[in-house]
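A.B. asks: Requesting a structural model of the entry that follows:
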Amino acid sequence: MAIEEFVTDVADDTYDVVFSVETLQHLHPDVDWAFEELARIVDDLLITVENEGGDPGEVNYVDDNVPLYYRDWNAVFTDCGLTEVDSIDGKRDTVRIFQVPE
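C.D. replies: As a prediction, the model looks like this:
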């Protein structure tokens, strides 16, 4: 099931931790609302490991057919009310840890 289909049926604060590795970067901008849903269903921490190698709004293609949409993940999830508490830049991906404010 696509993540945008899954999250709409999940109750608020269901998961202590939500963890995404190179998944969110493939969501089309038409479903950016799914990021707010992820913030809604997490009770404590949201951890993302996503590619940040391009300019936000730019699209690249993996294997010539899988779109990769670059975003400013800090802005995406702080705009959803989460607080970034740590980030680690990797060679290709950036790990970001967001917390639900108490």
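A.B. asks: C-alpha from now on. contacts and neighbour counts both.
C.D. replies: OK.
A.B. asks: got the residue ranges for the helices in this protein?
C.D. replies: Listed in chain order, the helices found in the chain under DSSP state H are 3-6, 33-41, 73-78.
A.B. asks: any idea how far the residue most central in space within the chain lies from Pro67?
C.D. replies: With distances taken as Cα atoms, centre = their mean, the chain has Leu24 as the residue nearest its mean C-alpha position (4.8 Å). Relative to Pro67, Leu24 is positioned 11 Å away (criterion: Cα to Cα, to the nearest Å).
A.B. asks: what's the closest non-adjacent residue to Asn60?
C.D. replies: With sequence-adjacent residues excluded and distances taken as Cα to Cα, 6 or more residues apart in numbering, Asn60 is closest to Leu68, at 5.1 Å.
A.B. asks: neighbours of the one you found, just the number please.
C.D. replies: Leu68 has 22 neighbouring residues, counting by other Cα atoms under 10 Å.
A.B. asks: Repeat that for Cys80.
C.D. replies: For Cys80, using other Cα under 10 Å, the count is 17.
A.B. asks: can I assume it is in contact with Glu36?
C.D. replies: Yes: using Cα atoms under 8 Å, Cys80 makes contact with Glu36 at a distance of 5.5 Å.
A.B. asks: which residues sit in contact with Val62?
C.D. replies: Contact partners of Val62, counting by Cα atoms under 8 Å, 6 or more residues apart in numbering, are Leu68.
A.B. asks: what's across from it in the sheet?
C.D. replies: Each beta-bridge partner of Val62 is listed here: Val66, as defined by DSSP bridges.
A.B. asks: any idea how far it is from His26?
C.D. replies: Between Val62 and His26 the computed distance is 10 Å (Cα to Cα).
A.B. asks: Mind listing the shared neighbours of these two?
C.D. replies: Residues touching both Val62 and His26 comprise Leu68, with contact defined as Cα under 8 Å, 6+ apart.
A.B. asks: which residue of this protein sits farthest from its center?
C.D. replies: With Cα atoms, centre = their mean as the measure, the chain has its most outlying C-alpha, relative to the mean C-alpha position, at Asp64: 22.6 Å.
A.B. asks: For Ala11, grab phi and psi.
C.D. replies: For Ala11, the backbone dihedrals (degrees, to the nearest 10) come out as phi -70, psi 160.
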